[in-house]
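Peer 1: give me the fold of what follows.
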Amino acid sequence: MAWLLAAQRQTPNGGVPAFYDLLHDSWAPSYPETTGYIIPTLLVFAERHAHEASRRAALQMADYLLSVQTPEGAVRGWGAESPPFVFDTGQVLQGWLAAWQATGDQRFLAALTKAADWLATHQDPAGFWQAYQYQAQIKTWDNRVGWALLQAGQATGELRFTAAGRRCLDWALAQQAGDGWLDHCSLEPGQPPVTHTLAYAIEGFLESGALLADDRYIDAARLAADALLARQRRDGSLSAYWGPGWRPLSRSACLTGNAQMALCWLRLHELTGGPEYLPAGRRILAAVAACQRVDDPWRPIRGAIPGSRPLWGRYLRWRYPNWAAKFFLDALLLEQRLTEEAQP
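Peer 2: Got it, this is the predicted structure:
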């Protein structure tokens, strides 16, 4: 948490830099997409730990995001020249929703409603998004957009948003193979999926299923999560990249994806009671924690999580992305709560 707050202070606008670049000793500009989904994490931390600084930071982020919303309701990608993107808009929608629920500020309600309307308007009737896509590719990791639309629909009572969220998830269900493999889950066209994007798709299924009490989505998440669980390494980590049939393609680990899978396995333990998920979640969480330098004398990396292990791995080599810290913190908070609830 201290690193996320320190990162925010590196920008003049209240957003969070995309990453710290170790080789160039520089901070990237604010990244709207990930700033959006950092907001709920900070607000949960603030509530659990009575930490007013994280609440203030979260609301500053929500204010910053108001300034980057387009008149149509969308959110641009990274950089002022970027076009608006579906995924980015969905993640920022989730941040405004958390900010509105925490404060009752009608500005955030208006912004999230406008964003959800833009997403629903541009969705293909089949459930995917063809336009406004990063790298011009449809993707099953838009499940996390579907989850955000479901949250918006339930919070506002707007059935159109809920229907759009369901269409997204139902389309993704049709892209899943019998072994849990998900097509259209790569970060870059023609490249194998990274654990990060696979975990996005799994989390979208899982949290949507929990929100709707729909076992179809939970079962889809579990099928893919079990495939990864069967391939968890002895040290607790996972391969960074994957081929069809869940074939590991990398010796390096994507630490963001590892933190996300810790979160997914811990949630599966909570939702299903499966005894295998809690130890697996703790093992992979410990593998990520082993890469964190909590007392490093170099302040820009103190408390941060690298993109890859080793640092020169393919995914965001030599960089410390804010989303790695966000998902690591999410998983730590969940593990802490599960441990407390298990105590007599």
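
Peer 1: OK, contacts around S67?
Peer 2: N13 (CB atoms under 8 Å, 6 or more residues apart in numbering). C-beta coordinates here come from the backbone N, C-alpha and C atoms, glycine included.

Peer 1: from A7, how far out is it?
Peer 2: Here the criterion is CB to CB, to the nearest Å. By it, S67 lies 19 Å from A7.

Peer 1: for E335, same thing?
Peer 2: Counting by CB to CB, the gap from E335 to A7 is 23 Å.

Peer 1: pick out whichever of those two has more residues nearby.
Peer 2: A7 (26 against 19; other CB atoms under 10 Å).

Peer 1: please report how far the more buried one lies from D25.
Peer 2: A7 is 14 Å from D25, by CB to CB.

Peer 1: please name the nearest non-neighbouring residue to I38.
Peer 2: K326 (4.9 Å; CB to CB, 6 or more residues apart in numbering).

Peer 1: and the pLDDT for the one you found?
Peer 2: What the model reports as pLDDT for K326 is 98.

Peer 1: shouldn't it be within a strand?
Peer 2: No: judged by DSSP: H, G, I helix; E, B strand; the rest coil, K326 forms no part of a strand; its state is helix.

Peer 1: contact partners for it?
Peer 2: L4, T34, Y37, I38, T41.

Peer 1: ends of stretch 281-295, how far apart?
Peer 2: Start and end residues of stretch 281-295 are separated by 24 Å (CA to CA, to the nearest Å).

Peer 1: buried set for that stretch?
Peer 2: G281, R282, R283, I284, L285, A287, V288, A289, C291, Q292 (16 or more other CB atoms under 10 Å).

Peer 1: out of the residues you listed, who's nearest I301?
Peer 2: Q292 (9.1 Å; CB to CB).

Peer 1: next one: the closest one, what pLDDT does it get?
Peer 2: For Q292, the predicted pLDDT is 97.

Peer 1: am I right that it is in contact with L329?
Peer 2: No: judged on CB atoms under 8 Å, Q292 makes no contact with L329 at a distance of 10.8 Å.

Peer 1: follow-up on the earlier one: and the buried residues of stretch 281-295 as a markdown table, adding distance to L97 and secondary structure?
Peer 2: Shown next, in a markdown table, are the buried residues of stretch 281-295 (distance: CB to CB, whole Å; DSSP: H, G, I helix; E, B strand; the rest coil):
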| residue | distance to L97 | secondary structure |
| --- | --- | --- |
| G281 | 26 | helix |
| R282 | 30 | helix |
| R283 | 32 | helix |
| I284 | 28 | helix |
| L285 | 26 | helix |
| A287 | 32 | helix |
| V288 | 27 | helix |
| A289 | 29 | helix |
| C291 | 31 | coil |
| Q292 | 29 | coil |
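
Peer 1: including distance to S186, could those residues go into CSV?
Peer 2: Shown next, in CSV, are the buried residues of stretch 281-295 (distance: CB to CB, whole Å):
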residue, distance to S186
G281, 25
R282, 29
R283, 27
I284, 22
L285, 26
A287, 24
V288, 23
A289, 28
C291, 24
Q292, 28
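
Peer 1: out of the residues you listed, who's nearest S252?
Peer 2: When those are compared against S252 (criterion: CB to CB), the nearest one is C291, at 11.5 Å.

Peer 1: surely that closest one meets S308?
Peer 2: No: using CB under 8 Å, C291 makes no contact with S308, being 9.1 Å away.

Peer 1: who touches both of those two?
Peer 2: L255.

Peer 1: let me see the contact set for the residue nearest to A230 when sequence neighbours are not counted.
Peer 2: Counting by CB to CB, 6+ apart, W246 is the residue found nearest to A230 once chain neighbours are left out, at 7.7 Å. With contacts defined as CB under 8 Å, 6+ apart, W246 is in contact with D179, G180, W181, A227, L228, A230, R231.

Peer 1: pLDDT wise, what is the most centrally placed residue in the chain at?
Peer 2: With distances taken as CA atoms, centre = their mean, Y200 lies nearest the centre of the chain, 6.0 Å away. What the model reports for Y200 is a pLDDT of 98.

Peer 1: am I right that it sits in a helix?
Peer 2: Yes: the assignment for Y200 is a helix, going by three-state DSSP.

Peer 1: quick check: it touching Q260?
Peer 2: Yes: contact criterion CB under 8 Å: Y200 and Q260 qualify, at 7.3 Å.

Peer 1: which residues of the stretch 151-300 of the chain fall in strands?
Peer 2: 242-243, 247-248, 253-254 (DSSP state E, counting those that start in this stretch).

Peer 1: what's the closest of those strands to P189?
Peer 2: Here strand 242-243 is closest among the strands of the stretch 151-300 of the chain (CB to CB), at 15.6 Å.
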